[in-house]
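**Student:** Build me a model:
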Amino acid sequence: MIFSTLRHLQRLDRSREGIPGEHWAAFGAGLTLLGWAGRAPSPWLRAAAGAAGVVLVVRAASGRDGLWSRLRRESATPRLSAPEDSGAEAGIR
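**Tutor:** Model (predicted):
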């Protein structure tokens, strides 16, 4: 029951358009929770805030438009190589 609900939510998340700045907001919220986790009065609140902070930071990095997917897209796009230096610019003949 729980796993089917999670899979359904993942499908809904994949099918929607990305919101500009969505991953930056998740990253900021995660860092805020991680910072608050160190000052929380209860060990249970520290653990919950720390876990939620880590989840949000990982989500920001690994989501559809996150850092890891952008790096994968960048490394997959072919680039034109720079022309070889023939030495003419350096005055070598």
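**Student:** How far off centre is the longest helix seen in the chain?
**Tutor:** Taking DSSP state H as the criterion, the chain has its longest helix at helix 43-62. Distance of helix 43-62 from the chain centroid (C-alpha atoms, centre = their mean, to the nearest Å) equals 14 Å.
**Student:** Quick check: which helices or strands does whichever helix or strand comes after that helix pack against?
**Tutor:** Note on helix 43-62: by DSSP states H and E, the next helix or strand toward the C-terminus is helix 67-76. Secondary-structure packing of helix 67-76 (3 or more C-beta pairs under 8 Å, 6 or more residues apart in numbering; DSSP states H and E): helix 43-62. C-betas here are computed from N, CA, C, even on glycine.
**Student:** Buried residues, the helix it packs on. List them.
**Tutor:** 49-50, 52-53, 56-57, 59-61 (16 or more other C-beta atoms under 10 Å).
**Student:** what stretches of this structure score poorly on pLDDT?
**Tutor:** The model of the chain has pLDDT under 70 over residues 70, 73, 76-93.
**Student:** And the most centrally placed residue in it, how close does it get to W24?
**Tutor:** In the chain, the centroid-proximal residue (C-alpha atoms, centre = their mean) is A61; its distance is 1.3 Å. As for A61, its distance to W24 is 11 Å (criterion: C-beta to C-beta, to the nearest Å).
**Student:** now swap in H8 and tell me
**Tutor:** 27 Å.
**Student:** again, but for F3
**Tutor:** Counting by C-beta to C-beta, the separation of F3 from W24 is 30 Å.
**Student:** Between these two, which has more neighbouring residues?
**Tutor:** Shown here are F3 and W24; by other C-beta atoms under 10 Å, W24 has more neighbours (10 against 7).
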